[in-house]
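Q: how would this look folded up:
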Amino acid sequence: MQFDYLKHVTDGLDRDAVLNELMTAYGKDVWHFAFFMTHSREMADDISQDVFVKVYRQLYEFRGQSSIKTWLLAITRNTARDALRSAWMRRVVLFGAVNPSSGASPSAERESMDKLLTEELWAVVLNLPRKLREVLLMNSHYGLSMQEMADMLHLSVGTVKSRLHRARTAVNRRLSQEASWTGEEEWT
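A: Below you'll find the predicted structure:
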């Protein structure tokens, strides 16, 4: 592990250098998770900044009971939840993929269809209840294990599995409804 040494941090460590390393390695993950939680780019910016300020202050408190990524995402989740509880929230529509794919240039028609499918998928995911959305994103987007999610959310592994199953079922059901409503089943 790249940041295993953080388990043994002492007061003599250069916190600025460690913070820069963490921001470089996990800054995008923190921002994206904050965005997924809030649906707002501005709030994601503020939350990301708050998260790394908290990390700077709490660096010596990291006990290594989880991975550094899990620790950062837990701080992000809690900071986002606090912001959502105390702030006025306006809806933001996600206009495309967060991480566009690279490779050979597809046709304009293919790009257009991919963009529409991506927008539909993100719209469905972002409209899930927060409890379902966060486990789906932690698992699918960030690759956290069931145990890491359970530890981070202070839930049993069974509850995490149940929420993940319910989230996937809800997404599949919603996408199936949209496909049948538009008549897309005739084309597949």
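
Q: now stretch 26-42, how far from the centre of its chain.
A: 7 Å (C-alpha atoms, centre = their mean, to the nearest Å).

Q: can you check stretch 122-133 too?
A: Going by C-alpha atoms, centre = their mean, where stretch 122-133 is centred and where its chain is centred differ by 11 Å.

Q: in that stretch, what's buried?
A: Trp122, Val124, Val125, Leu126, Leu128, Leu132, Arg133 (16 or more other C-beta atoms under 10 Å). Yep, even glycine has a C-beta here, placed from its N, CA and C like the rest.

Q: which strands or helices does the lowest-mean-pLDDT helix or strand in the chain pack on?
A: Taking mean pLDDT, DSSP states H and E as the measure, the helix or strand of the chain with the lowest value is helix 108-126, at a mean of 75. For helix 108-126, the elements it packs on are helix 130-140, helix 157-182, judged by 3 or more C-beta pairs under 8 Å, 6 or more residues apart in numbering; DSSP states H and E.

Q: tell me what angle the longest one forms with helix 108-126.
A: With axes from the mean of the first three to the mean of the last three C-alpha atoms, to 10 degrees as the basis, helix 157-182 and helix 108-126 are set at 130 degrees to each other.

Q: what about helix 157-182, average pLDDT?
A: Across helix 157-182, pLDDT averages out at 84.

Q: secondary structure element for Ala150?
A: Under the criterion of DSSP states H and E, Ala150 resides in helix 146-153.

Q: put the alpha carbons of that helix into CSV.
A: Coordinates of each C-alpha in helix 146-153 appear next as CSV, following Å, rounded to 0.1, in the frame of the first residue of the first chain:
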residue,chain,number,x,y,z
MET,A,146,-18.7,-5.0,1.3
GLN,A,147,-16.7,-5.0,4.5
GLU,A,148,-15.2,-1.5,3.7
MET,A,149,-18.7,-0.1,3.0
ALA,A,150,-20.1,-1.7,6.1
ASP,A,151,-17.3,-0.2,8.3
MET,A,152,-17.6,3.2,6.6
LEU,A,153,-21.4,3.3,7.0
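
Q: for the most centrally placed residue in the chain, helix, strand, or coil?
A: Of all residues in the chain, the one closest to the mean position by C-alpha atoms, centre = their mean is Phe33, 2.9 Å from it. Using DSSP: H, G, I helix; E, B strand; the rest coil, the structure places Phe33 in helix.

Q: give me the three-state assignment for the nearest residue to it once chain neighbours are set aside.
A: Among residues not flanking Phe33 along the chain, Thr76 sits closest, at 4.9 Å (C-beta to C-beta, 6 or more residues apart in numbering). Using three-state DSSP, the structure places Thr76 in helix.

Q: residues touching Thr76, list them.
A: Val30, Phe33, Ala34, Met37, Ile47, Ser48, Val51 (C-beta atoms under 8 Å, 6 or more residues apart in numbering).
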